[in-house]
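Trainee: this one's structure only:
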């Protein structure tokens, strides 16, 4: 491609960061010094244009090393990857964790989302900003997925290697320490601390969290690891799909699509290769179950991905991991490397002649990338904008090929399905929502964390387990894209069909409790801000609708009754169009929580 | 007539639009079928030379069994589909989309939009005087064309025309996100520092007049732009042997704009800098 | 890097005829009556020593009338146009192989081919919309290979760029041919059925081993081998070239060497497989088709064929000389020796477009009489006795032009010409009338219909059909049907009668550029076009291109360092013929020893003072692509910013 590059040159550090990822350039056309051979022959074409999927890792490499992405670094990366600089610029500016303007090497992300806001995030922000000098960038962040330890702070210090430190629950003191000395910040508590039930032998999904050493493949195997994969090889791909279908497993990401059907649809596609994508871009405010699974039992995900890939005939899997999850990233990188070294990944998995490997791709701060097709675009090195469906991913997914995409919790469920058998699994839960379910309980409860319960437990039972506090005002189910219910609705069964019948949603399993000290209009405004910030901007209803929703909520923040009526009518009209006419789930659900607060909780009355 | 490959013959699909049975060749979009059936559906981001982006959502229709409305411009017709184009639900979304756009973007040079606003009884003013707008100033950084992003509905057509669908220059992209997303060149640099080759194929597809010939921009500013006094004549470019068809837009014996027929087998509506802008020499008359 | 603020010379339209009594005098405005009378007298007194420069940028109709003027009114076949300076070798080479001088494929086909070879063609700059069809092909999965001394924008799209030495196209082509034969990839069935001279060709290329080719072309053997295999193994392949092939002293041989590869592999005469020379002017193809060349009558019919002559003699009521006229190059030589004394030059600017422009100007000055018909007072017009203001063919005239894919398309009048400017055909007819031939053409369509009546290939193209189909490709013998988009499908016919004459392999030998580099002139200068400019810049200078930065001598980074010069610094560029001063630009697409210039800004930097008038003996095209130059740092560096 005849790309145009400006005069900006990369610094030695920027060049080194890119070369560390991609290897040294092979010719002067890619940025090496001129050699005689370059003057007579240049390779290009398809191969050169096919490197685009390394764009996001490349942007990370520069951002990790320098803290921001300069013109020269971007141009150099583009030269290496044969990507047009304008497009790479569009990609770099899409993600909240990247900056194309100079900024300090250390960025402190302070979560100001629902659970953290209720836990005093604004005071934390004010305190930290007063303490940290100009050498630091403090960014207010959407949910960091640390709701059980609200309020949360994440420090990222660029360098070689990049250093991160999590502080949660954060005090001003601790957050400042994390930012100024990430290496000497105290170690995060183990993942098991987020699992109040840890050690309970009845746990199927969380059973190993806090029990096994997350760094040890052998320990994982000593606790039943890789039994499911062995069983999968015995069953063969069709057998695995049958088991999963018979188990009644449905997707845990929120859409509740039958997993077996999705696998079957992909496996039967004549077009090849097939891909497996694990959606670990857990960004729904209030959700942190996938993080806990990955931090506490990383090999389970590796094994589950292997099983899924085997079933659908994929030889390559992508694990798209949220950029704000540094510990999960480290654990999974280690687990994948170990599994590869020991023959659990690679050309000949378990000596069965089946080839499979996993590539980890790190997100960079974009809620929308949790949408399955946006995630494909993100992996491919494009802006994380959702695609039109149909065609559906099972037919044209990643790189335009048949693709199964499942989230972490869904995949991990496959292990007990295979080890216990479909009938035993299907016996758990209710008729239409089978198996165990993880609930992310946070907010006004004594023991926030991840709870594993069979489908069918009521909201009240979950809250009781977590020790709900007095003066419950509302419970948010399903996160920002979900809906509020009242304290008198605690008998809602937490199944997909039960919540649907109750006119609400289970979503990703968020159960966030709010007592009456939290001002509801403020909460709704935060949700509206979230959607306005996270809208990719592709379609009009969502791009402008989320802005108009936020504006209206601003206007009525301190109004009620007739004074708010006109704006509430406006919100309903805009919300209806967002729900009906947006391209993807983000816009379609951006009005849900507000609507439920108005209709169920009587907000603004 | 032609003896070269006709392509594989396409099957006809049967389905209904507003209760009436229609037949359309396999691969047709709902919009194709609607237009063939004489139903007018408003569109903004749809372009006859580009793959549907379905970003504006003004063409949404109801399809039986679909949870949400579907964009007519991109959804392929399927056998047995029941399409309803003019339901209250579809009209509501179209109205809101028009209101959202008109309240944030300068649509003064977008053809037809005033009629639609009237037809759908859209009231863009109801979001109040403080409703956020794009608030962009026209970018006049070269002598050939102007980018007035206050008029940009972010339909992606210019990006697609500049990118892999036609020009493959990739000078522009969408940068930023959400309401702050804008069409930009790399590093938000001026056009003159970018990869732009001034083919103007972005202007050709821009549906709102956000991109325009400098001649048109200047004449509009001066109040002299008058399409009723313009003739359009298609001829052949003289700058190389490729034979691109040029449609010369002439007002008062001055060429004020150059386009190319979108169905032309040589150009498919695209030109290069010389064909698009290199006309001035014939009117250096004194 | 700030771009140089350089507004090229802008030309103002001619609005009145200009005349003068002697070349020492300035022009004065004259009435049409006076100017035409003077022109007629000037031509009349030089009857028998007359040459017509027709215009590859004007309509088919104008070219038809212009050649008719030369043949009927002036009784000579001395008619030619600037296609001589660019693509005459393509026409000569293709006609020698296939009996017809057009490119064999259509643009659409390149979107559906498997391998594309762009040889000596920077179509991304010179033919941008053609290149969009190439890009469609690439996006559809075709692999593109680029053969060019420079790594141009076109080459950057290639799977593989082969940076050969200037003027080593024949060694490269022969080595590819030899490799195809030795790898057993030659299409033996096609060779046996549709070609002649294969054994001779095999012997011709046998010495050109890959390693010898590497030595001569500078391109690694592996790269040549890969291209050979890709081209031969493709189910469909397109071979495209531009002036990098034709603007050599042996341009026709170059073209033949490329055609040989298509014959060897059967990559011609099928949908998606063919040969595509890209034309530089809007009507190079049409000008030749209309007979505005010294050896062909309208419809590309050979003057030496008595039956053809008889047909035209009957139609035109005249006698046609039964021999070829002089081509443009020969006409210039004839000026030198005094046998050509008057020229009627329409829309051409040879004073700046010819190689060795100083010589061209000197020769034009030697003429007894020069009438120039143009829309601007060009450098050539400044040398004239009479200047006649014409209309711009593409915007002020009705008619047709024929593009590189042989598509005849309608040109329409959109604006009214300035002042007293008149259409070319009107002016020629006025002159014809003064010289005793009273032609009546009501409009361009009347001319076209006359052409249709004498050219079978154009017969089916009525104006109405041209509008309906947005142009029709020749051949179009019927008003009812359209022919395939590609030529020479006949070569694949089983029946020998329908197959027609087989295509001969061209037995052509390597002959390096005439202007050798040596210690005194160590740098090879090659020339080409930029994206936003055109030829001598007379038209393209009229608009304010943000890309334009004026003329530079472009050097490799290594050479710039070697000479101690920086971007913007003016240097003296000299060849064995002349010298110019030009600022330096540094381009990594160039290698050490290779420099690049254009001829877009002759009023600033007259590049053609450097180029060599070493002509292709068959087609008469000059070797613009290979001069030997030296770079001298000027005593005081002037940095142009």
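Mentor: Cool, got the structure. Predicted model only: the values in this text are computed from it and were never measured.

Trainee: can I see the domain layout of the chain?
Mentor: You didn't pick a chain, so chain A it is. Listed by automatic domain parsing, the domain ranges of chain A are A:12-92, A:106-189, A:217-426, A:436-515, A:520-599.

Trainee: nope, chain C
Mentor: Split by automatic domain parsing, chain C gives C:18-85+C:284-437+C:445-452, C:88-278, C:523-633.

Trainee: so which of those is the most packed in?
Mentor: Greatest average neighbour count among the domains of chain C goes to domain C:88-278 (a mean of 23), per mean count of other Cβ atoms under 10 Å in any protein chain shown. For every residue, glycine as well, the C-beta is placed using N, CA and C.

Trainee: and it, anywhere near chain B?
Mentor: Yes: Domain C:88-278 is in contact with chain B by Cβ under 8 Å from any Cβ of the partner chain, via C:107-108, C:112, C:126-130, C:132, C:135, C:139, C:271, C:278.

Trainee: TSV for these, including pLDDT?
Mentor: What follows is the residues of domain C:88-278 next to chain B, written out as TSV (pLDDT from 0 to 100):
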residue	pLDDT
C:107	96
C:108	95
C:112	96
C:126	92
C:127	94
C:128	96
C:129	96
C:130	96
C:132	97
C:135	97
C:139	95
C:271	95
C:278	89
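
Trainee: before we move on, the earlier item: and the domains of chain A as TSV, adding distance to chain C, mean pLDDT and mean neighbour count?
Mentor: Converted to TSV, the domains of chain A look like this (distance: least, Cβ to the nearest Cβ, whole Å; pLDDT from 0 to 100; neighbours: other Cβ atoms under 10 Å in any protein chain shown):
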stretch	distance to chain C	mean pLDDT	mean neighbour count
domain A:12-92	3	95	20
domain A:106-189	30	95	21
domain A:217-426	13	97	22
domain A:436-515	37	95	22
domain A:520-599	23	97	22
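
Trainee: nearest spatial neighbour of residue A:282, chain-adjacent residues omitted?
Mentor: residue A:290 (4.2 Å; Cβ to Cβ, 6 or more residues apart in numbering or on different chains).

Trainee: quick check: what element follows the helix or strand harbouring the one you found along the chain?
Mentor: If you go by DSSP states H and E, residue A:290 is part of helix A:289-296. Next in sequence after helix A:289-296, counting helices and strands by DSSP H and E, comes helix A:298-312.

Trainee: how far does that following helix sit from the chain's center?
Mentor: From the chain centre to the centre of helix A:298-312 is a distance of 18 Å (Cα atoms, centre = their mean, to the nearest Å).

Trainee: which residues are contacting the helix or strand just after it?
Mentor: Using DSSP H and E, the helix or strand that directly follows helix A:298-312 along the chain is strand A:314-321. For strand A:314-321, contacts defined as Cβ atoms under 8 Å, 6 or more residues apart in numbering or on different chains pick out A:266, A:273-281, A:294, A:301, A:305-306, A:308-309, A:328-329, A:332, A:336, A:355-363, A:369, A:375, A:378-379, A:398, A:403-404.

Trainee: just the residues you listed: which are in helices?
Mentor: A:266, A:294, A:301, A:305-306, A:308-309, A:328-329, A:332, A:336, A:375, A:378-379 (DSSP state H).

Trainee: residues contacting residue 258?
Mentor: I'll assume chain A. Per Cβ under 8 Å, 6+ apart, neighbours of residue A:258: A:245, A:248, A:249, A:250, A:251.

Trainee: to clarify, I was referring to chain C.
Mentor: Contacts for residue C:258 were tallied using Cβ under 8 Å, 6+ apart; they are C:93, C:119, C:169, C:173, C:239, C:241, C:245, C:275.

Trainee: in a markdown table, list those along with distance to chain A.
Mentor: A markdown table is the format used below for the contacts of residue C:258 (distance: Cβ to the nearest Cβ, whole Å):
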| residue | distance to chain A |
| --- | --- |
| C:93 | 27 |
| C:119 | 15 |
| C:169 | 15 |
| C:173 | 17 |
| C:239 | 17 |
| C:241 | 19 |
| C:245 | 19 |
| C:275 | 22 |
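
Trainee: quick one: which of these is nearest residue B:278?
Mentor: Proximity of those to residue B:278 (Cβ to Cβ) peaks at residue C:241, which lies at 24.8 Å.

Trainee: ok, the closest one touching residue C:256?
Mentor: No: using Cβ atoms under 8 Å, residue C:241 is not in contact with residue C:256, being 11.8 Å away.

Trainee: what about the strands in chain B?
Mentor: Taking DSSP state E as the test, the strands found in chain B are B:12-17, B:20-25, B:60-63, B:70-71, B:82-84, B:145-147, B:173-175, B:182-184, B:211-213, B:230-236, B:245-251, B:254-259.

Trainee: strand partners of the fifth one, parallel vs antiparallel please.
Mentor: Looking back up the chat, that one is strand B:82-84. In the sheet containing strand B:82-84, its partner strands are strand B:12-17 (parallel), strand B:60-63 (antiparallel), by DSSP bridges.

Trainee: any idea which of those gets closest to residue C:227?
Mentor: Between residue C:227 and the strands paired with strand B:82-84, the tightest spacing by Cβ to Cβ is seen for strand B:12-17, at 45.2 Å.

Trainee: and that closest one, what's buried?
Mentor: Residues of strand B:12-17 classed as buried: B:13, B:15, B:17 (neighbour count, 16 or more other Cβ atoms under 10 Å in any protein chain shown).

Trainee: specify which member of those is nearest to chain C.
Mentor: residue B:13 (25.7 Å; Cβ to the nearest Cβ).

Trainee: ok, for that closest one, nearest residue in space, not its chain neighbours?
Mentor: Nearest-residue entry for residue B:13: residue B:79, 4.9 Å, with adjacent residues in sequence omitted and distances by Cβ to Cβ, 6+ apart.

Trainee: show me what from the stretch 1-150 of chain B comes close to chain A.
Mentor: B:52, B:54-58, B:60, B:68-69, B:71, B:74-76, B:89, B:92-93, B:95-97, B:100-101, B:103-104, B:126-128, B:130-132.
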